[in-house]
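In: With the input below, show me the fold.
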Amino acid sequence: MIIVAPKVIAEINLSHSIYKSSLNSLISIYQDSERNREFRISEIHELIEKWSEDNQKLESEGYIPFCEETFDDLNHYQYHVDYLLMNSLFLSAFSMFENHMKRITNCFSSSEKNLIKPNDIKGSGEIDTFRKYIHLVINLDSANCDKHQWKNILSYKAIRNAVVHNSSILNKNKKTQLNKVIGYDLLKKHNIWFRGDILYFRLKNIDFLIDFIELTTQYTRNIIDEYQLKNKP
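Out: Residues are numbered from 1 along each chain as shown. Next comes the predicted model:
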């Protein structure tokens, strides 16, 4: 069934609204979790201070041992929760972006009378296939691979693949020129902790996620706006 342009426009705009709302929920989850993390760290520090004061009062009378589990909790909340949470939120955001691009592409595919479909296009991964279809078949310049926005998205994709497939190691092949490692620019831009020539990193900075959200919402918005402009009644 061929979907006429007005319906396509309504569908892709709805998809975009859902995408933005879902991303905002991720930010809210981060904020709530961060408040809880800071509260737990503060609570544990208070317990440690009280334990220290109590022991100072006892002096020669004895020694009150401190619960090791409390120190384990401090280590957990201070050094692990933030990056584990950020990994989860970023992977969720990237998955939402892939789904949004897929919905846009499928709407375009359903509206066109040509015989070429997304499955007929071969790209470097799923989102590149969607981009190629939008650019080459639907003829939207916003999806051109030469656009600076797309190159930034590829850097985020490299970070995503490193988290999923390489235990957060970005430079698995140990390239000597780090500036040529895709994604390294994001580590530097967002002051993300990393070490070694393999670029083992930990995502902690919320600005990294916010930047991805702003980048991808604007990228897909440009595609939608260009399509609407080309299909004005």
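In: Please, where are all the strands along the chain?
Out: 193-195, 200-202 (DSSP state E).
In: pLDDT of the last one, averaged?
Out: So the one you mean is strand 200-202. Mean pLDDT, strand 200-202: 96.
In: so what secondary structure elements neighbour it?
Out: Applying 3 or more Cβ pairs under 8 Å, 6 or more residues apart in numbering; DSSP states H and E, one finds that strand 200-202 makes contact with strand 193-195. Heads up, the C-betas are built off the backbone N, CA and C, glycines and all.
In: ok, so what distance separates the residue sitting nearest the centre point of the chain from Asn171?
Out: The centroid of the chain falls nearest to Phe90 when counting by Cα atoms, centre = their mean (2.8 Å). Separation of Phe90 from Asn171 (Cβ to Cβ, to the nearest Å): 19 Å.
In: Okay, helices next: where are they in this structure?
Out: Taking DSSP state H as the criterion, the chain contains helices spanning 5-58, 68-79, 81-111, 126-132, 148-165, 184-189, 206-230.
In: what's the least confident stretch among these?
Out: helix 68-79 - the lowest mean pLDDT of these, at a mean of 82.
In: That one relative to helix 5-58, how many degrees between them?
Out: Per axes from the mean of the first three to the mean of the last three Cα atoms, to 10 degrees, the angle that helix 68-79 makes with helix 5-58 is 140 degrees.
In: Who are the packing partners of helix 68-79?
Out: Counting by 3+ Cβ pairs under 8 Å, 6+ apart, helix 68-79 packs on helix 5-58.
In: Now find how far off-centre the helix it packs on is within its chain.
Out: 15 Å (Cα atoms, centre = their mean, to the nearest Å).
In: orientation of that helix relative to helix 81-111 in degrees?
Out: Going by the same axes, to 10 degrees, helix 5-58 makes 170 degrees with helix 81-111.
In: ok so, going back, residues contacting the residue nearest to the centre of the chain?
Out: 159-160, 163, 203, 208-209, 212 (Cβ atoms under 8 Å, 6 or more residues apart in numbering).
In: Thank you, goodbye.
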